[in-house]
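I'll drop the sequence and a predicted model, then ask my questions.
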Amino acid sequence: MRYVRTALLTGLTLGAVVVALLLLSGSTATDPSPSPSASIGDFTPLQPNLSPAAKYIGERSIGVADAPVTLEVWTDYQCPICGAWANGIEPILYERYVTEGKLRIVHHDFAFLGEESVAAATGAACAEQQGNAAFWSFHSYLFANQNGENKGWFSGEHLRAIAEASGLDVTLWESCSADLAVRSKVLAETDAAHALGVSATPTLRIGDWMSAGLPTIDEITSRISAALAP
């Protein structure tokens, strides 16, 4: 019995490790975040998984303004589980609900994983200064090209390449990205999220429901359907 107990405990421990690794890698998503194939020194941005139509793009949001359900999402651009959300589940919600006028998804920054998170969010804020569509393009490119935390994938050089790929005026974008006031706004948004109770990414909120972590597509569609019910 002692050996059986030991084997069971060992199996449980290994199972927990596997689950933890899957969560960290975002591999529980329907369509996991892609990883750039190029090396850090030879970087060509990958195309985003989600490129919403212009008529659905609002201020840091996708979905018509009068959609009956609003889903708020707090993310960090380096977070692999956020990548799994943005590249896997969010495109499904876009097709099922956003294009039907039923759902509006609103993005919030929670840049807490390090300097590259802040730099990426600052770059997105500067993209926003060139229009809502510019923000969403840059935002989607960031999630398509994340590849580990604070390893150089969101270096200044890479972010500039993403700005070019997403069609920005790069000169204006670079000037904005060097503005400490823009960086301060990103940090203030992160602080505001802390005050709301956000402590992990992604965090999702629909009405009074708020939860951290990556839901399955069935879980989040169930929440949306409940919110749509009369």
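Looks like it came in fine.

use CA for all of it now, contacts and neighbours both
Noted.

which SSE is the residue most central in space within the chain in?
The geometric centre of the chain, computed from its C-alpha atoms, lies nearest to residue 82 (Cα atoms, centre = their mean), at 4.1 Å. Counting by DSSP states H and E, the element that carries residue 82 is helix 80-84.

what residues does the helix or strand following that helix touch?
For helix 80-84, the following helix or strand on the C-terminal side (DSSP H and E) is helix 90-93. Around helix 90-93, the neighbours that count as contacts under Cα atoms under 8 Å, 6 or more residues apart in numbering are 49-50, 221.

Apply 6 Å and report the result again.
Among residues not part of helix 90-93, those counted as contacts by Cα atoms under 6 Å, 6 or more residues apart in numbering are residue 50.

what kind of secondary structure is residue 214 in?
For residue 214, the secondary-structure state derived from DSSP: H, G, I helix; E, B strand; the rest coil is coil.

Give me the pLDDT for it.
In the prediction, the pLDDT value recorded for residue 214 is 96.

Contacts only, for it.
Contact criterion Cα under 6 Å, 6+ apart gives no residues in contact with residue 214.

And the one helix or strand residue 219 maps to, what's buried?
Element membership of residue 219 [criterion: DSSP H and E] is helix 217-228. Applying a neighbour-count criterion of 16 or more other Cα atoms under 10 Å, the buried positions in helix 217-228 are 217, 220-221, 224.

Alpha carbons of it, as CSV, please.
The C-alpha trace of helix 217-228 is given here as CSV (Å, rounded to 0.1, in the frame of the first residue of the first chain):
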residue,chain,number,x,y,z
ILE,A,217,-15.5,28.8,-25.3
ASP,A,218,-18.5,27.0,-23.8
GLU,A,219,-18.0,28.9,-20.5
ILE,A,220,-17.8,32.3,-22.0
THR,A,221,-20.6,31.7,-24.5
SER,A,222,-22.8,30.6,-21.6
ARG,A,223,-22.1,33.8,-19.8
ILE,A,224,-22.9,35.9,-22.9
SER,A,225,-26.1,33.9,-23.6
ALA,A,226,-27.2,34.5,-20.0
ALA,A,227,-26.6,38.2,-20.4
LEU,A,228,-28.5,38.2,-23.6
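
hey, where'd the helices end up in this protein?
Listed from the start of the chain, the chain has helices (DSSP state H) covering 2-25, 80-84, 90-93, 115-128, 132-144, 156-165, 170-177, 180-196, 217-228.

Include mean pLDDT when you put these into a markdown table, please.
Conversion of those to a markdown table gives the following (pLDDT from 0 to 100):
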| stretch | mean pLDDT |
| --- | --- |
| helix 2-25 | 36 |
| helix 80-84 | 97 |
| helix 90-93 | 97 |
| helix 115-128 | 98 |
| helix 132-144 | 97 |
| helix 156-165 | 96 |
| helix 170-177 | 97 |
| helix 180-196 | 97 |
| helix 217-228 | 97 |
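
which of those sits most buried?
The highest average neighbour count among the helices of the chain, using mean count of other Cα atoms under 10 Å, belongs to helix 80-84 at a mean of 27.

what about stretch 80-88, start to end distance?
Between the opening and closing residues of stretch 80-88 there is a gap of 12 Å (Cα to Cα, to the nearest Å).

Over to stretch 75-93?
Terminal residues of stretch 75-93 are spaced 17 Å apart (Cα to Cα).

One more: stretch 75-85?
The first residue of stretch 75-85 is 9 Å away from its last residue (Cα to Cα).

circling back: of all the helices of the chain, which one is nearest residue 43?
Comparing those against residue 43 with Cα to Cα, the closest turns out to be helix 156-165 (6.9 Å).

What would the closest one look like as CSV? C-alpha coordinates only.
The C-alpha coordinates for helix 156-165 follow below in CSV (Å, rounded to 0.1, in the frame of the first residue of the first chain):
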residue,chain,number,x,y,z
GLY,A,156,12.0,48.9,-29.4
GLU,A,157,13.1,47.4,-32.8
HIS,A,158,10.4,44.8,-32.8
LEU,A,159,7.7,47.3,-31.8
ARG,A,160,8.8,49.5,-34.6
ALA,A,161,8.5,46.6,-37.0
ILE,A,162,5.0,45.9,-35.7
ALA,A,163,4.1,49.6,-36.1
GLU,A,164,5.2,49.4,-39.8
ALA,A,165,3.4,46.2,-40.4
